[in-house]
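Visitor: Predicted model, plus sequence, below.
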Amino acid sequence: ETGVTQTPRHLVMGMTNKKSLKCEQHLGHNAMYWYKQSAKKPLELMFVYNFKEQTENNSVPSRFSPECPNSSHLFLHLHTLQPEDSALYLCASSPGSGSYNEQFFGPGTRLTVL
Amino acid sequence: GDSVTQMEGPVTLSEEAFLTINCTYTATGYPSLFWYVQYPGEGLQLLLKATKADDKGSNKGFEATYRKETTSFHLEKGSVQVSDSAVYFCAIKRDNQAGTALIFGKGTTLSVSS
């Protein structure tokens, strides 16, 4: 248990559906991240939020829309996805600046797009 | 840009064998270095880290030394167990700021048999 939870753990959706992934951290961290993990590819950074402000969008298609209402919660809204978007989506958080801090990961949401 | 290169897997070992997983990186400055482990069906967990040259990170019998001259951070364990079977990721963080994402290698799958 890392202190970062993600729901749902598994999600199957059609290409016309709209769904949301949720991430919550109980660690008092200030930065939160979304990563995509596909088979046989490195983890891909998608978005970074620092103190609720988006600081990085790694050229992610607009069908993925992040939301960070406060420092403890991060959402990833999904709409009109493609089958190639099927992957494990990982959320992570890290403390504020001033230390060589690692990221703490949630268990991930396994997404299947039909 | 910054990058991480890990040895290709899978690595298959018998219990009590010696393990080495090679990792080299390309980065400007002095990044922090990490090894993460991902057990089946779970998210990533920090295994060990090193923040400056010649630092040795260690945890659960695993070790890795920050070698600036060879830009390497090879993971070693003297005697692996079946429970060590997992995917291992080498990662770097190029600065000390919150919200700076990790850059990961592709991961190396380790399979240990009894």
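Guide: Nice, thanks for sending it over.
Visitor: Just list the residues touching the residue nearest to the spatial centre of chain A, thanks.
Guide: With distances taken as Cα atoms, centre = their mean, residue A:34 lies nearest the centre of chain A, 2.9 Å away. Under the criterion of Cβ atoms under 8 Å, 6 or more residues apart in numbering or on different chains, the neighbours of residue A:34 are A:23, A:45, A:46, A:47, A:66, A:74, A:76, A:89, A:90, A:91. From N, CA and C alone the C-beta is placed, and that goes for glycine too.
Visitor: Recalculate using a threshold of 7 Å.
Guide: A:46, A:47, A:66, A:74, A:76, A:89, A:91 (Cβ atoms under 7 Å, 6 or more residues apart in numbering or on different chains).
Visitor: In strands, which of the residues you listed fall?
Guide: Cross-referencing the contacts of residue A:34 against strands under DSSP state E gives A:46, A:47, A:66, A:74, A:76, A:89, A:91.
Visitor: Pop out the phi and psi values for the one residue in chain A that gets nearest to chain B.
Guide: Nearest to chain B in chain A, going by Cβ to the nearest Cβ, is residue A:50, at a distance of 3.4 Å. Backbone torsions of residue A:50, given as degrees, to the nearest 10, read phi -130, psi 120.
Visitor: how about the strands in chain B?
Guide: Under DSSP E, chain B gives strands at B:3-6, B:11-14, B:19-21, B:23-26, B:32-38, B:44-50, B:56-59, B:62-65, B:75-77, B:86-93, B:103-104, B:108-113.
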